[in-house]
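Trainee: What would the 3D arrangement of this be:
(one chain, ligands or ions: 3)
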Amino acid sequence: MGKGCVYGEGMRIMGKAGRAILSPPLKRYRFYFDLLKKTTDNYIFLVDLKANVALLSSNLVQEFDLPGEILTDAAKHWANLLHEDDRAVFRAEMERVRQAAGEVEHTLEYRVKSRKGDYVWIRCRARVAMGMDGRPELFTGVMTRMARRAQADDVTGLLNKYQFERGVRRALEAYRKEERGGAILMLGLDNFKLVNETHNRTVGDRVLKRVAQLISACLPPALTLYKLDGDEFAVIYPGADEKAIAEIFAKVQACLSQPQEIDGHPFLCTASAGTIFYPQAGKDYLVLHKHAEAALSLAKREGKNRNCLFSKDVYNRWVRSLSLHDMLWESVEKGFEGFSLFYQPQVDAVNQQVIGAEALLRWQSPRGKGVAPMEFVPILEETKLIIPVGKWLFEDAVKTCKRWREVSPNFRVSINMSYEQVKDLSFKDFVTDCLARHDLPPEAVVLELTESKIVADWNFVNERFDLFRAKGISIAMDDFGTGYSSLASLKNLSCDIVKIDRAFVKKILENDFDRQLVKYTVALCHSIGIKACIEGVEAEEEYELLTKQCRANSIQGYLFGRPESAENFEKKFLAVGA
Ligand code: C2E
Ligand code: CA
Ligand code: CA
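Mentor: Ligands and ions are numbered 1, 2, ... in the order given. Model (predicted):
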C-alpha cells in the first residue's frame, strides 16, 4: 500500500481521489470499531501493522487535524504532531510495538499539537495482537486527554510543577543508586509582571509561551524544561557541573536579549537564574526547592539578568534580604525613619559650575547600619514600598531645591523614579500638587528613569512621560548604554536628557572604542535635540579627554563631588546663608 491517505464512504476525503482500500483485518473489525467509537469520548484507533493502515475515531481526526479516518502511515503523521521533546520516546516505543514478540502493552504520555496549535497531553494505552504467523498484526487502544493540570502547564504545554517535583525526586533517587549528582537551574523572568500589567493576560500568556520555546531551544536535547508557578521555569540536569550550567545560561541570556514581537508589541524579557547542585545543597525536594528559590531571588535582587549559584553565603544574603524587607516596612511605618537624601553635584561640562544635583536615597536600618541603595532599592521596588518612599523623597527634594534656588536661582534637582512609580497613576497629581505647595517651578525638576528597566510598552512609557513633560518637568534616561536596546530606547522614548553610564567612562582612557562610543552618543543626542550628561567621571584625565572628544552638557562624578548630606552639600557647593 502506498503512502498518503485513503478514504472510505462517508469519510473525510483528503488528498487525491483514490479507491478506498481497507486491509482485510480492518474490514473485518470496522463494524465493531464504529460501534465502539459511539460509546466513548476518548480517542480510539486500530492499526493493521502489516498493511500500515489505521482506523481512527472521528474526534481524533478532528481534534488533531489528521488527514483522514483511514490513514496509511498513521504513526508517521502522529509523530509529526508530537512535541519535539517527546518524539524520540514515541518512535522508540513504536519500534518496540512493531518488533513485539508477544502481546505487549503500550502506555505512553506525550504532548500532541492540537488543531488550535497548542499542545495537549495525551495518555495512550494500547495492546498489540499477534497474527497467525506469530508476528505483530494489530495494534489497538485508547487515548485520553489528560486532566491537563495534573501534568502540563496550560499556557506553555511544558510539564508542570508537580512533574518537576517528581523529576527532582527521581534525580535524588538516581543519586542514591548511582552516586551521580547534578544541578537544578531555576529561571525566573525579569519584570514579567509588567507585561501583564501594561497589556493583559493574553499577551502575557503569549510572551510566556514564546519564552518557553526560546529557553527550550537553548537546552541540550535530553533535558526537559518544566514550568513552575508564575513566570518561573526549571531544568534538572543530572551530571552537570558549573561550566555546563554557565553554558546553558549564557545561551538563554543571548537568546532573550533579542527583542521579540508579540501581537505587534515589542517586548524584552530577560531572565534571572538560581542554580543549586544536589546533593550538596540538600537531599530532600523541599530543601532543594527552597535553596533554588533563594538563589533565584538573590539573582533578581542583585540586579537581574544573572545566574546566582547557591552557597551558604548566598543563603545568608537571602536571609538578610528578608530581614531588610521587614526593617524597611518598619521604617516606612514609623514615618520614613532612617531614610534621608544625599545630593551629588552636577556641573556644567564647560565652565564646571554646579548647576544642580542628583538626589540619592540613603537608609539606615533600625539597627543603625547604613545599607547600600543597590541592596535596599530593589526591595523597595519589589514590595512597592517605593511608592510611599518615592513620594516622601520627592517632597523632601523639592523643599531642599526650593531653598537652594534662593542662592542659585537656576538650580535643578534630579530625582530617581522607579518603574513602579511610572505606573502609579496618582504620582503625576502628587508631583503637580507638591510643586504647587512648595512654589517650585516644574523646570527645576528632572525625573530620571533607568533605561534598562523600560521593558514594557514604549508607547505606555511615552504617554506617562509626556504627562510630566507637558507640565514642564524634564525626563532623563538614566544609565544609558547598560540596557540591551539603548539605541531603540533613544529612538522610541521621548526624553530631554540622556545620562551616559559610568561603564563607558571607566574605559575611555585605555579603550578607543568606548571613547568613540561616548563621542557619537553625545553627537547623536544633540542631533535630535536631547541633552547629554556624562556620569561617573572620577579623574582629571577622564574629564580632559571627554571635553576634547565631545561637547556633553553636564557632568556628574566623584571628580566634582561625591553624594553629600544636604547640610554638607550646602557648605561645599552653595554659599547658603553666606
Ligand atoms: P544611579 O541613579 O545611577 O545613581 C548614581 C550612582 O552612581 C550613585 O550611587 C552615585 O553615588 C554613583 N556615582 C556617582 N558618581 C560616581 C563616580 O564618579 N564613580 C563611581 N564609582 N560612582 C559614582 P548610589 O547613591 O549608591 O545609588 C545607586 C543606585 O541606587 C542609583 O543609581 C539608583 O539606581 C538607585 N537609587 C538611589 N537613590 C534612589 C532613589 O531615590 N530612588 C530610586 N528609585 N532609586 C535610587
Ligand atoms: Ca540616577
Ligand atoms: Ca545613573
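
Trainee: The stretch 51-200 of the chain against ligand 3: which residues are in contact?
Mentor: Residues of the stretch 51-200 of the chain that fall close to ligand 3, judged by CB under 5 Å from the ion: none. (C-beta placed from N, C-alpha, C; glycine too.)

Trainee: Helices of the stretch 51-200 of the chain, residue ranges please.
Mentor: 58-63, 74-81, 84-98, 148-151, 161-178, 192-198 (DSSP state H, counting those that start in this stretch).

Trainee: Please apply the same query to the stretch 351-500 of the chain.
Mentor: 373-382, 386-405, 419-423, 426-437, 458-471, 486-492.

Trainee: and these as JSON lines, adding mean pLDDT?
Mentor: Below are those laid out as JSON lines (pLDDT from 0 to 100):
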{"stretch": "helix 373-382", "mean pLDDT": "91"}
{"stretch": "helix 386-405", "mean pLDDT": "97"}
{"stretch": "helix 419-423", "mean pLDDT": "89"}
{"stretch": "helix 426-437", "mean pLDDT": "96"}
{"stretch": "helix 458-471", "mean pLDDT": "90"}
{"stretch": "helix 486-492", "mean pLDDT": "81"}
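
Trainee: With distance to ligand 1 and mean neighbour count added, can I get those helices in a markdown table?
Mentor: Compiled in a markdown table, those are given as follows (distance: least, CB to the nearest ligand atom, whole Å; neighbours: other CB atoms under 10 Å):
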| stretch | distance to ligand 1 | mean neighbour count |
| --- | --- | --- |
| helix 373-382 | 3 | 18 |
| helix 386-405 | 5 | 20 |
| helix 419-423 | 7 | 21 |
| helix 426-437 | 12 | 15 |
| helix 458-471 | 15 | 17 |
| helix 486-492 | 15 | 16 |
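
Trainee: Output the ones you listed in TSV; the columns should cover distance to Asp313.
Mentor: Below are the helices of the stretch 351-500 of the chain laid out as TSV (distance: least, CB to CB, whole Å):
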stretch	distance to Asp313
helix 373-382	15
helix 386-405	27
helix 419-423	29
helix 426-437	37
helix 458-471	37
helix 486-492	33
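
Trainee: Any chance you could list what contacts stretch 337-345?
Mentor: The contact list for stretch 337-345 (CB atoms under 8 Å, 6 or more residues apart in numbering) reads 331, 354, 356-366, 389, 392-393, 396-397, 400, 413, 556, 560-566, 569, 573.

Trainee: ok now it, how far from the chain's centre?
Mentor: Mean-position distance between stretch 337-345 and its chain equals 32 Å (CA atoms, centre = their mean, to the nearest Å).

Trainee: pLDDT of that stretch, averaged?
Mentor: Confidence over stretch 337-345 (mean pLDDT, whole number) is 98.

Trainee: does any bit of that stretch sit next to ligand 2?
Mentor: No: on the criterion CB under 5 Å from the ion, stretch 337-345 is out of touch with ligand 2, staying 9.3 Å away.

Trainee: just for this structure, where's the confidence low?
Mentor: 1-20, 147-150, 452-457, 484-485, 576-578 (pLDDT under 70).

Trainee: Spatially central residue in it, please.
Mentor: With distances taken as CA atoms, centre = their mean, the chain has Leu189 as the residue nearest its mean C-alpha position (2.3 Å).

Trainee: Could you find the closest non-adjacent residue to Gly204?
Mentor: Asn196 (4.0 Å; CB to CB, 6 or more residues apart in numbering).

Trainee: What about that neighbour, how many residues nearby?
Mentor: For Asn196, the count of nearby residues is 18 (other CB atoms under 10 Å).

Trainee: Check Ala271 too.
Mentor: Ala271 has 27 neighbours, counted by other CB under 10 Å.

Trainee: Is it in contact with Met186, as I believe?
Mentor: No: shown here, Ala271 and Met186 do not form a contact pair, counting by CB atoms under 8 Å, at 10.1 Å.

Trainee: I'd like the distance between the residue nearest to the centre of the chain and ligand 2.
Mentor: 25 Å (CB to the ion, to the nearest Å).

Trainee: re earlier: can you flag which of the contacts of stretch 337-345 belong to strands?
Mentor: Using DSSP state E, the members of the contacts of stretch 337-345 that fall in strands are 354, 356-364, 413, 556, 564-565.

Trainee: which one of these has the most neighbours?
Mentor: Ala357 leads the ones in strands among the contacts of stretch 337-345 on contacts (other CB under 10 Å) with 28 neighbours.

Trainee: what's near enough to touch it?
Mentor: Neighbours of Ala357 in contact, by CB under 8 Å, 6+ apart: 343-346, 411, 413-414, 569, 573.

Trainee: and if we set it to 6 Å?
Mentor: 343-345, 413 (CB atoms under 6 Å, 6 or more residues apart in numbering).

Trainee: same check, this time on Gln213
Mentor: For Gln213, no residue meets the contact criterion (CB under 6 Å, 6+ apart).

Trainee: and what of Trp363?
Mentor: Residues in contact with Trp363, defined by CB under 6 Å, 6+ apart, are 338-339, 371, 376.

Trainee: Residues of the stretch 451-578 of the chain that sit close to ligand 1?
Mentor: Within reach of ligand 1 by CB under 6 Å from any ligand atom, the stretch 451-578 of the chain has these residues: 478-479, 502, 536-538, 556-558, 563.

Trainee: now do 8 Å
Mentor: 478-479, 499, 501-502, 505, 535-538, 556-559, 562-563 (CB under 8 Å from any ligand atom).

Trainee: Need the outlier residue of this structure, farthest from its centre.
Mentor: Distance to centre of the chain, CA atoms, centre = their mean, peaks at Met132 (58.1 Å).

Trainee: What about it? Give its phi and psi, please.
Mentor: Backbone geometry at Met132, expressed as degrees, to the nearest 10, gives phi -60, psi -30.

Trainee: Closest residue of the stretch 251-400 of the chain to ligand 3?
Mentor: Glu358 (8.1 Å; CB to the ion).

Trainee: Could you list everything the closest residue to that residue other than its chain neighbours pairs with in the sheet?
Mentor: In space, and not counting its chain neighbours, Glu358 is closest to Ser414: 4.3 Å by CB to CB, 6+ apart. Note on Ser414: beta-bridge partners by DSSP bridges are Glu358, Val446.

Trainee: So Ser414 is in contact with Glu448, correct?
Mentor: Yes: the criterion here is CB atoms under 6 Å, and Ser414 meets it with Glu448 at 5.5 Å.
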